[in-house]
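Trainee: requesting a structural model of the entry that follows:
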Amino acid sequence: MSVRVATIDDVRQAVDVMSQHLSPPPLIRSYALEHALGFDESRRVWLKDYGWTPVGSFKLFGALNWTAQNLERIGDRPIAAHSSGNFASGISFAGMRYSKRVIIVMPESAPKVKFERTRSFGAEIRTYNILTDPQTGERDRLTREISEQENALQASPYDDADVISGNGVGGLQIIEELQRHGRTLSHFICQVSGGGLMAGHAVAIADGFPQARIIGVEPTGADDFRQSLAKGERVRIEKPDSICDGLLSYDVGEHNWPILRSLLTESVALPDLATREAMKWLYDQHGMRTEPSGAIATAALLQEKVDLSGDGDVVAVVSGRNVDEERFREWTRNL
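Mentor: Next comes the predicted model:
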């Protein structure tokens, strides 16, 4: 497979697509994090909160750009995709906006809110057993069958240059907002799974603030990128395990790996307990009810897993808020 690596020009081209459908998710100054980290008045900490999008996560950015860039290829065909849930609602929203039929393959154990959001935008859903998928390959088989039987065009949730470029628009928004306030950036902290979120943001951040350190965050049970960095090549994890259901890819995407390898020097891994504590902290301090995957970048800061020495500001990504209320209460109880 030929690999087209997304560039800053691709990201800038995607800005017009986003502006037709979305207002920018907020970049929130966190006085609470500044206090927790012992920052003085010269430095600030910001949270980019993608929970404010119509689908409750960042995935809408990549989905909208992929759909817009592939309209001619799609034509009257349906769109097929597999997703843990957030890309499902993102591509479903994009399908609704562009009047395209969407068929999604999701884990049967995905949060109820992710099923509800996806169906609310008109998508059809097929399910698979995520626990046995490493042995059966059911997810990819179902998606492939849909593509063949329905003559559908398959969209990757992360391993595609158009998806990466769409995600990168959020990075441009961060740069624009910080520059508007006359700020500089020393650290950018972001989740890594398949790598589409981080790759898009890394392209933008490296262009706007070349001096900034770009640092990935993963669960200890799904740290394929950290292992890949150490080995110098993509590493596959056969059974990723974490409450962070949005960070359970088997490996980093081929289109993401060249970007991540060149622009990131570090990825830290955190146990689920640290993520649960960050979920509670974000709710107590900011009123954000985040999903585990959304909170893990903040957890890296609260756990002091990142060397924050430097003079600029720090940005951490809150990638999504799609969590069932009962699970949120369970995970944050007695902490």
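
Trainee: output the below-cut-off pLDDT ranges for the chain.
Mentor: 1 (pLDDT under 70).

Trainee: recalculate using a threshold of 50.
Mentor: The chain contains no residues with pLDDT under 50.

Trainee: right, and the helix or strand after the lengthiest helix in it?
Mentor: Secondary structure assigned by DSSP state H gives helix 161-180 as the longest helix of the chain. Sequence-wise, the next helix or strand downstream of helix 161-180 (DSSP states H and E) is strand 185-191.

Trainee: which strands and helices lie in contact with that next one?
Mentor: helix 161-180, helix 196-208, strand 213-219, helix 292-302, strand 313-318 (3 or more Cβ pairs under 8 Å, 6 or more residues apart in numbering; DSSP states H and E). (Each C-beta comes from the backbone N, C-alpha and C, glycine too.)

Trainee: repeat the analysis, applying 10 Å as the threshold.
Mentor: strand 45-49, helix 161-180, helix 196-208, strand 213-219, strand 266-270, helix 292-302, strand 313-318 (3 or more Cβ pairs under 10 Å, 6 or more residues apart in numbering; DSSP states H and E).

Trainee: export the ones you listed as CSV, with columns for distance to D245 and mean neighbour count.
Mentor: Shown next, in CSV, are these (distance: least, Cβ to Cβ, whole Å; neighbours: other Cβ atoms under 10 Å):
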stretch, distance to D245, mean neighbour count
strand 45-49, 19, 24
helix 161-180, 19, 25
helix 196-208, 15, 27
strand 213-219, 10, 25
strand 266-270, 15, 21
helix 292-302, 7, 28
strand 313-318, 16, 27
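
Trainee: nearest to R226, out of these?
Mentor: Of all those, it is strand 266-270 that lies closest to R226, at 4.2 Å by Cβ to Cβ.

Trainee: what angle separates that closest one from helix 196-208?
Mentor: Between strand 266-270 and helix 196-208, the angle comes out at 140 degrees (axes from the mean of the first three to the mean of the last three Cα atoms, to 10 degrees).

Trainee: helices or strands up against whatever helix or strand comes next after strand 266-270?
Mentor: As assigned by DSSP H and E, the chain's next helix or strand after strand 266-270 is helix 272-286. Contact partners of helix 272-286 among helices and strands, from 3+ Cβ pairs under 10 Å, 6+ apart: helix 31-37, strand 45-49, strand 213-219, helix 292-302, strand 313-318, helix 325-332.

Trainee: in a markdown table, list the ones you listed along with distance to T184.
Mentor: Below are those laid out as a markdown table (distance: least, Cβ to Cβ, whole Å):
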| stretch | distance to T184 |
| --- | --- |
| helix 31-37 | 16 |
| strand 45-49 | 12 |
| strand 213-219 | 12 |
| helix 292-302 | 18 |
| strand 313-318 | 7 |
| helix 325-332 | 34 |
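
Trainee: of all the ones you listed, which one is nearest P25?
Mentor: The nearest among the helices and strands packed on helix 272-286, by Cβ to Cβ, is strand 45-49 at 5.7 Å.

Trainee: may I see the helices and strands packed on strand 185-191 organised as a markdown table, with distance to C190 added?
Mentor: Listed next are the helices and strands packed on strand 185-191 as a markdown table, based on distance: least, Cβ to Cβ, whole Å:
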| stretch | distance to C190 |
| --- | --- |
| strand 45-49 | 9 |
| helix 161-180 | 9 |
| helix 196-208 | 5 |
| strand 213-219 | 7 |
| strand 266-270 | 10 |
| helix 292-302 | 6 |
| strand 313-318 | 4 |
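
Trainee: among these, which is nearest P24?
Mentor: Closest approach to P24 among the helices and strands packed on strand 185-191 is made by helix 161-180 (4.6 Å; Cβ to Cβ).

Trainee: for the closest one, C-alpha coordinates in PDB please.
Mentor: Extracted as PDB, the C-alpha positions of helix 161-180 are listed here (Å, rounded to 0.1, in the frame of the first residue of the first chain):
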ATOM      1  CA  ALA A 161      -4.000  11.200   5.100                       C
ATOM      2  CA  ASP A 162      -7.400  13.000   4.800                       C
ATOM      3  CA  VAL A 163      -8.500  11.900   8.200                       C
ATOM      4  CA  ILE A 164      -5.100  13.000   9.700                       C
ATOM      5  CA  SER A 165      -5.400  16.400   7.900                       C
ATOM      6  CA  GLY A 166      -8.900  17.000   9.200                       C
ATOM      7  CA  ASN A 167      -7.800  16.300  12.700                       C
ATOM      8  CA  GLY A 168      -4.900  18.700  12.300                       C
ATOM      9  CA  VAL A 169      -7.300  21.600  11.900                       C
ATOM     10  CA  GLY A 170      -7.700  21.400  15.700                       C
ATOM     11  CA  GLY A 171      -4.000  22.000  16.000                       C
ATOM     12  CA  LEU A 172      -4.200  25.100  13.900                       C
ATOM     13  CA  GLN A 173      -7.000  26.300  16.100                       C
ATOM     14  CA  ILE A 174      -4.800  25.900  19.200                       C
ATOM     15  CA  ILE A 175      -2.000  27.800  17.500                       C
ATOM     16  CA  GLU A 176      -4.300  30.700  16.400                       C
ATOM     17  CA  GLU A 177      -5.800  31.000  19.900                       C
ATOM     18  CA  LEU A 178      -2.400  31.000  21.700                       C
ATOM     19  CA  GLN A 179      -0.900  33.500  19.200                       C
ATOM     20  CA  ARG A 180      -4.000  35.700  19.700                       C
END
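
Trainee: fine by me, thanks again.
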